[in-house]
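1. Next come a sequence and a model predicted from it.
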Amino acid sequence: MNCYKFFLIVLASLSIAACDMHPDMHTLSSNKEGSAARVIAANNGCMGCHAVATTIVGPAWKRVSQRYKNTENAKDLLIAKIKSGSKGNWNAETKGQTMPGFEGRMTDEEISIVVDYILALDTTIQN
């Protein structure tokens, strides 16, 4: 791995740690899958629009988890939304912003890891 790629990985990891240190992030930071999900999300631009507990451009991941966690085939549904993009499901929070599709930009495995992380979040919303 060249130094530039290593620097980008370290920078992405530090950005995640600095930008969204919600208690859920601390809880999962020792969890290998949670750490991988956060790095994948940062490297693919997800954290520019999403945070764990607050709406930025896209809905907070806790809200996504809350809405879909008990839905039949929630994982498959969220994977499809990430792959093809989504619009209109969160208009009250996103003011109609479209989430772009990530098929071809993220591997199926990366998308699956991020979705597992989102669905594993504690959905208690603290204001």
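-> Received, thanks.
2. Any figure for the gap between the closest residue to Leu121 other than its chain neighbours and Leu119?
-> Spatial nearest neighbour of Leu121, excluding adjacent residues (Cβ to Cβ, 6 or more residues apart in numbering): Ser65 at 4.5 Å. (Each C-beta comes from the backbone N, C-alpha and C, glycine too.) Look at Ser65 and Leu119: by Cβ to Cβ, to the nearest Å, they are 6 Å apart.
3. where exactly do the strands run in the protein?
-> With DSSP state E, there are no strands along the chain.
4. Poorly predicted segments of it, please.
-> 1-33, 124-127 (pLDDT under 70).
5. can you give me the helices for it?
-> For the chain, the helices defined by DSSP state H cover 3-19, 23-29, 32-43, 61-68, 74-84, 91-94, 108-120.
6. quick one: the third one to helix 61-68, angle?
-> Spelled out, that is helix 32-43. 110 degrees (axes from the mean of the first three to the mean of the last three Cα atoms, to 10 degrees).
7. higher neighbour count, Ser65 and Leu119?
-> Ser65 (23 against 18; other Cβ atoms under 10 Å).
8. who's in contact with the more buried one?
-> For Ser65, the contact set (Cβ atoms under 8 Å, 6 or more residues apart in numbering) comprises Ile118, Leu119, Ala120, Leu121, Thr123.
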